[in-house]
Structures are given as C-alpha cells and as structure tokens.
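Visitor: turn this into a model:
(chains A, B, C and D)
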2 protein chains.
Amino acid sequence: MKKNVKSDIPRKTIYRLSVYLRCLQRLKTNKIRTVSSEALAKAAQVKSTQLRKDLTYFGQFGTRGLGYDVEQLIVMMGDLLGTTSLQPVILVGVGNLGLALLSYQGFEQEGFEIIAAFDSDSQRKRAKCRMPIHPMEDLTQIITDQGVKMAILTVPAPEAQEVANQLIGQGIAGILNFAPIMLHVPEEVMVNNVNLAMELENLSYFIQQ
Amino acid sequence: MKKNVKSDIPRKTIYRLSVYLRCLQRLKTNKIRTVSSEALAKAAQVKSTQLRKDLTYFGQFGTRGLGYDVEQLIVMMGDLLGTTSLQPVILVGVGNLGLALLSYQGFEQEGFEIIAAFDSDSQRKRAKCRMPIHPMEDLTQIITDQGVKMAILTVPAPEAQEVANQLIGQGIAGILNFAPIMLHVPEEVMVNNVNLAMELENLSYFIQQ
DNA sequence: AATTGTGAATTGATTCACAGCT
DNA sequence: AGCTGTGAATCAATTCACAATT
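Guide: Sure, this is the predicted structure:
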C-alpha cells in the first residue's frame, strides 16, 4: 500500500486546498452544513472528480449518498495548511512595496500576522509607517524569540539573494519572494514567488487578439 | 505541419517567458550579448531542454554551436508579452490593498501604468492618495478614451463578481484579481488570481516538518 | 566542438467509469 | 437513489537522446 507522503501530493492540489477552504468558509457563513463534491467543485471552478481526488490525498472525509460536512472540511484544511493558530511572519525590505504590504493588514484574517519589519536602513520611511522598522541586526533575536518560520521578502532584486541567505541562516523555512529574481535556496527551504508585473505581462499576452 | 496557436502553448510556458525576460535584462545590464540555453536556463532555474522547448513554440532564435542573442530574445519576448509599449491599466477598489498597490508604482518600469483608480465611494481615503479616485460612473469614459484592456481588481470579495461583470461589460479583457473568490467570466476574458494569504498558506503547508 | 531544435519516451495531472457505501 | 472513493485511461508537460547546424 502506497503512503501519501507530502512529495507525492501535487503542488497544485495544495493551492486548490486554499481555494476550497475559502469556498467552505463562505458556505459556513451562509449556514450551510453539508456540501456535495459537485457543489463545492462548482464554487471552486474545478471538476468534482478533481475535488474528490484532491481530498483523498489526505483521507476520506465524505459520506456516500450525502456529501461532506462543511465544518469538518474547514477544520481538516486549516490543520493541513497550518492556519488554525496565528502564525508569525516577518517582512524584510520596507521600500514602496514592503510599506504597501505592511499597511495592507489583510493577512491577519487568514491566520498570519506580520510581527516585525526589517530594513537595512531602519530610519527609512519611518514617518509613513505605524510599525517600528528594525535594523537587520535584530533578525536573529526576533526570529528565535518568536519562532518565526516565514518571511515576506520585498527588497530590491540585487539584494534579494543576499538577504535570503541571511534569513535562511537564521532558520526561516518559507519565503514569499516579491523580488523579480529566482532565489537559490537549499532544498528544504520553500520559496513562493509573487510578481505583479509578471502577472500583468501574462494577462497582456493572452488578451492580445 | 502543426501550427502553434496560442491555446497549444502551455500557460506555464508564458509565465516562464517572463522569468527568462528578467534574466535576459540582467544579462544585458551586464553587457552580455550572447547566452547559451544552458546558462540562461540556469539563471531561470529550469532545465535547458525546457527553455529550448519553450522557445520553439514561438520560432527558432538560436544559432547552433553559439547560443542566443540576448537583445534579440528580449525584443522577441517583449513583443510577445506586449510590453514594448506602456500599457494602461486601471485599478478598482481603493481599500487597504488597492491603496497599497497604487503607492507601489513598481509597474511602470515593467511596461504598465495605472492610469486611474476607481471606488464606489470616491471620497474614500482621498487624503492618503496622490491619485484622484473616480466614481464607478466614470468607468466607461476612461476605458474607452484610453483604450484600457486590463484592470486590477481589489474590491472586497462580496463585491468582486459584480464589479468584474461591470468591467467586462465595458470591454476589459484581462483582470488581475486580488479578491479571494473565483470569478465567473466569459471564455474570452482572462483572469489571473493573486492571493497573498493563499501564498502564505501554501508556504505554511510545506514548511511543516 | 559546441550548442540548438525536436521527435520519442517519460513523468505527472486530470478525467473517466464504475464499484462501493449509506 | 445519491454520492463518494479510486483504479484505469487519457491528456498534458517535461525530459531524454540525438540528429542537425554553425
């Protein structure tokens, strides 16, 4: 019998888990307690077989003839994604984009809290920012004290690799990278790249008639 | 002989094009004029065969025994992605995130310009914002006047679908959607979803030991 | 000698088809 | 009867292996 180790599970399945979770939360808000794979799949814009296959990577959660219990799925997914408890995140690089994300605050609702911001120039933009900006020297202490595992990286591209190295050296295991550069990291470190210009480029390609 | 129509080309190939383009721009900055698939692939963190296969979707650009001309590839990719000329983009929803993105301004360097911001409450946050915030009534005029094809959607989830419908009705063909909801759109409209909480969730999943 | 371009092989993800529960 | 769970089949993307070119 084949074990479902993490590496067996398609990455896209994990992304879809997040989508399902949001759909389920909406169902819960609407006081819906049970949902069929057909209905949930529709909300998530996938095929129902895809949803069922995705779920079976993690176990059996449904009742044949009936469907899935909304609350149970929410709990299961929250556990899997590690968002049941608030997770501390740091942000490094308080330029335009970094400042923008700090002022966003949309993370907290989803289980994440930016607990500190860092910049090589800690005086920078202080006026505009409610949050104290730490110098890079404080990294070690804050990361260890608060058990931080994830960082948002919003430094300019030329500095990104060097800063990433520092973060990894201090025990950061997951980086949300906004710098338009592919970071070189050890295998056990996870990087997710977000690049808004790239997303626009991609749209731009597809809408050309 | 098989034609390379757009729908034949994997979506991931187009994303990688953006990555390649950024690597090439760095090479150009460093006055490097020629690059092998091996070297460029390494910078983009893909296999060289992948890079070569990606390129052949669009034509033959290399010289055997030599490699690719950096400048030529840059031009080719800029043309494909439609970033050779500055493209006008509008932003709808000037809440926290929308305001954040407006203040970011990192797009211009990459070929996009946010030419106008809209909000159902056009008085909102005006103090914090350099840019005038238009009421939704101005949509039609600005979109047609400036030939806008793309929109950044940063309204709250419950309003997102309704606003998307409006945008599409006015001729918007590409939406960069930040609302945590899967938009329902006609086939010819392209939606790219960006969800920062989802990216963090995803990281969170993979870093659990 | 070096490096591209590409069919064939492989690997991975999605969808089908239906058996198995409730 | 209705709906889940899943092996098999299909479809898509990646990688290999090597012929073609400079």
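
Visitor: tell me where chain A has helices.
Guide: All helices of chain A, identified by DSSP state H, fall at A:11-29, A:37-44, A:48-56, A:70-81, A:96-104, A:139-146, A:157-169, A:196-207.

Visitor: can I get these in CSV with distance to A:Met190?
Guide: In this view, the C-beta of every residue, glycine as well, is placed from N, C-alpha and C. Shown next, in CSV, are the helices of chain A (distance: least, C-beta to C-beta, whole Å):
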stretch, distance to A:Met190
helix A:11-29, 10
helix A:37-44, 23
helix A:48-56, 20
helix A:70-81, 13
helix A:96-104, 19
helix A:139-146, 16
helix A:157-169, 11
helix A:196-207, 19
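
Visitor: compare the ones you listed and say which comes out lowest on pLDDT.
Guide: Lowest mean pLDDT within the helices of chain A: helix A:96-104, at a mean of 86.

Visitor: packing partners of that one?
Guide: Packing partners of helix A:96-104 (3 or more C-beta pairs under 8 Å, 6 or more residues apart in numbering or on different chains; DSSP states H and E): strand A:87-92, strand A:112-118, helix B:96-104.

Visitor: one step back: dump the helices of chain A to TSV, plus distance to B:Arg26 and mean neighbour count.
Guide: As requested, the helices of chain A are exported to TSV (distance: least, C-beta to C-beta, whole Å; neighbours: other C-beta atoms under 10 Å in any protein chain shown):
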stretch	distance to B:Arg26	mean neighbour count
helix A:11-29	27	19
helix A:37-44	38	19
helix A:48-56	38	17
helix A:70-81	34	18
helix A:96-104	19	22
helix A:139-146	27	15
helix A:157-169	8	17
helix A:196-207	15	22
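
Visitor: to B:Val19, which of those lies closest?
Guide: B:Val19 sits nearest to helix A:196-207 of all the helices of chain A, at 7.5 Å, using C-beta to C-beta.

Visitor: in TSV: the helices and strands packed on helix A:96-104, plus distance to DNA strand D.
Guide: Listed next are the helices and strands packed on helix A:96-104 as TSV, based on distance: least, C-beta to the nearest atom of the strand, whole Å:
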stretch	distance to DNA strand D
strand A:87-92	28
strand A:112-118	29
helix B:96-104	29
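
Visitor: mind putting these in CSV, distance to B:Ala39 included?
Guide: Listed next are the helices and strands packed on helix A:96-104 as CSV, based on distance: least, C-beta to C-beta, whole Å:
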stretch, distance to B:Ala39
strand A:87-92, 29
strand A:112-118, 33
helix B:96-104, 32
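
Visitor: out of these, which comes closest to B:Ala43?
Guide: Taking the helices and strands packed on helix A:96-104 one by one with C-beta to C-beta, strand A:87-92 is closest: 22.9 Å.

Visitor: what pairs with the closest one, and is each one parallel or antiparallel?
Guide: strand A:112-118 (parallel), strand A:150-153 (parallel) (DSSP bridges).

Visitor: and the residue of chain A most remote from its centre, what are its phi and psi?
Guide: Residue farthest from the centre of chain A, counting by C-alpha atoms, centre = their mean, is A:Gly65 at 34.1 Å. When read as degrees, to the nearest 10, the backbone of A:Gly65 gives phi 90, psi -10.

Visitor: from A:Glu188, how far off is the residue sitting nearest the centre point of chain A?
Guide: The residue lying closest to the centre of chain A (C-alpha atoms, centre = their mean) is A:Leu176, at 7.5 Å. Distance check for A:Leu176 against A:Glu188: by C-beta to C-beta, to the nearest Å, it reads 17 Å.

Visitor: what does A:Glu71 give?
Guide: Counting by C-beta to C-beta - A:Glu71 and A:Glu188 are separated by 34 Å.

Visitor: what do you get for A:Ala173?
Guide: Plainly put, A:Ala173 is 7 Å away from A:Glu188 if you go by C-beta to C-beta.

Visitor: comparing these two, which shows the higher neighbour count?
Guide: Neighbour comparison, A:Ala173 and A:Glu188: the larger count goes to A:Ala173, with 21 against 10 (by other C-beta atoms under 10 Å in any protein chain shown).

Visitor: that one and A:Val189 touch, don't they?
Guide: Yes - judged on C-beta atoms under 8 Å, A:Ala173 makes contact with A:Val189 at a distance of 5.8 Å.

Visitor: and the end-to-end length of stretch A:179-187?
Guide: One end of stretch A:179-187 sits 19 Å from the other (C-alpha to C-alpha, to the nearest Å).

Visitor: buried residues in it?
Guide: A:179-183, A:185 (16 or more other C-beta atoms under 10 Å in any protein chain shown).

Visitor: give me the contact list for that stretch.
Guide: With C-beta atoms under 8 Å, 6 or more residues apart in numbering or on different chains as the test, stretch A:179-187 has contacts from A:153-157, A:159-161, A:164, A:168, A:175, A:177, A:191, A:193, A:195, A:197-198, B:19, B:22-23, B:43-45.

Visitor: and it, how far from the chain's centre?
Guide: 16 Å (C-alpha atoms, centre = their mean, to the nearest Å).

Visitor: tell me if that stretch is near DNA strand D.
Guide: No - taking C-beta under 7 Å from any atom of the strand as the criterion, stretch A:179-187 and DNA strand D are apart, separated by no less than 14.2 Å.
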